[in-house]
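K.L.:
What follows is a protein structure lacking sequence information:
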């Protein structure tokens with residue numbers, strides 16, 4: 001597969017994985033290519049934990065599902081991220097960013113656009129929507145054959161210093177390598193983010209992975225092979241749109257948006 005093709009096909013996997021274990025050679029390749037990422041002075045600040053232990057994965061899943069339920073119940077998730085929510089294709093076409101909530105179970109659809117209002121929150125809580133979402137999240141994480149925890153060396157990741165920026169930048173490059181490699185290998189990947197949204201839950205993951213004081217747990221991902229049919233999950237959203245060149249690119253100075261590229265087909269590699 002061409003690299004450019006892999007970049008264009010990169011996606012977050014919102015649906016379930018196959019139950020098949022991730023081949024050891026594929027695990028090794030993911031970590032090797034993560035380590036090929038650039039880092040300041042070749043510091044290589046990243047560290048990883050891979051687990052296939054079912055009990056541990058179930059524990060992470062329970063923490064993630066409970067976190068999602070709590071964040072959705074108390075309204076903090078909607079309040080924090082409401083500027084990214086789109087409730088019509090027209091809005092998504094104009095903004096070309098964020099998440100279009102175009103797939104929800106029929107009983108929830110009438111309340112989608114009211115999710116960010118006090119009235120809508122009460123209705124969703126009464127219908128136990130947060131519990132439904134949390135259970136869906138728990139099942140997705142529990143169904144992963146592999147979890148990947150990403151950490152940074154605190155000797156490199158020192159908040160308030162340039163080293164912190166460098167290490168974060170390097171970690172992002174390493175994880176993009178992982179992400180693109182999953183495309184090549186027929187794998188899917190998704191950030192297990194909800195434990196970050198609720199106070200105290202991330203600390204439970206730190207304890208679960210026995211992260212030492214000299215490392216900082218930065219992210220956890222679920223990874224597995226993707227079914228060929230790739231059916232969308234019962235609760236899902238669309239986020240395939242990308243901003244036009246004129247919305248993100250300037251020519252010479254930030255006062256001159258790029259013109260003439262928006263309607264030109266993307267170039268192909270030769």
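P.N.:
Cool, got the structure. The structure presented is a predicted model; accordingly, all values stated were derived computationally and were not measured. Residues are numbered from 1 along each chain as shown.

K.L.:
what ranges do the helices span in the stretch 151-270 of the chain?
P.N.:
162-185, 201-208, 245-248 (DSSP state H, counting those that start in this stretch).

K.L.:
Tell me which of these is the most buried.
P.N.:
helix 162-185 (a mean of 18; mean count of other C-beta atoms under 10 Å). Where you see a C-beta, it was placed from the backbone N, CA and C, and this is true even at glycine.

K.L.:
gap between that helix and the chain center?
P.N.:
Centroid displacement of helix 162-185 relative to its chain, using C-alpha atoms, centre = their mean, to the nearest Å, is 13 Å.

K.L.:
ditto for stretch 89-104
P.N.:
The answer for stretch 89-104 is 18 Å, by C-alpha atoms, centre = their mean.

K.L.:
Can you list the buried residues in that stretch?
P.N.:
For stretch 89-104, a neighbour-count test (16 or more other C-beta atoms under 10 Å) marks 92, 98-102, 104 as buried.

K.L.:
so where's the stretch 151-270 of the chain shaky on pLDDT?
P.N.:
Applying pLDDT under 70 to the stretch 151-270 of the chain picks out residues 230-237, 269-270.

K.L.:
residues near residue 268, how many?
P.N.:
Neighbourhood size, residue 268 [other C-beta atoms under 10 Å]: 8.

K.L.:
who touches it in this structure?
P.N.:
When contacts are counted by C-beta atoms under 8 Å, 6 or more residues apart in numbering, residue 268 is found next to residue 4.

K.L.:
State the distance from it to residue 245.
P.N.:
According to C-beta to C-beta, to the nearest Å, residue 268 stands 17 Å off from residue 245.

K.L.:
Strands of the stretch 51-200 of the chain, residue ranges please.
P.N.:
85-86, 99-103, 146-153, 187-191 (DSSP state E, counting those that start in this stretch).

K.L.:
which helices and strands does the longest one pack with?
P.N.:
What that stands for is strand 146-153. When contacts are defined as 3 or more C-beta pairs under 8 Å, 6 or more residues apart in numbering; DSSP states H and E, strand 146-153 packs onto strand 46-51, helix 54-73, helix 162-185, strand 215-225.

K.L.:
To residue 125, which of the ones you listed lies closest?
P.N.:
Minimum separation from residue 125 across the helices and strands packed on strand 146-153 (C-beta to C-beta) falls at helix 54-73, 5.9 Å.
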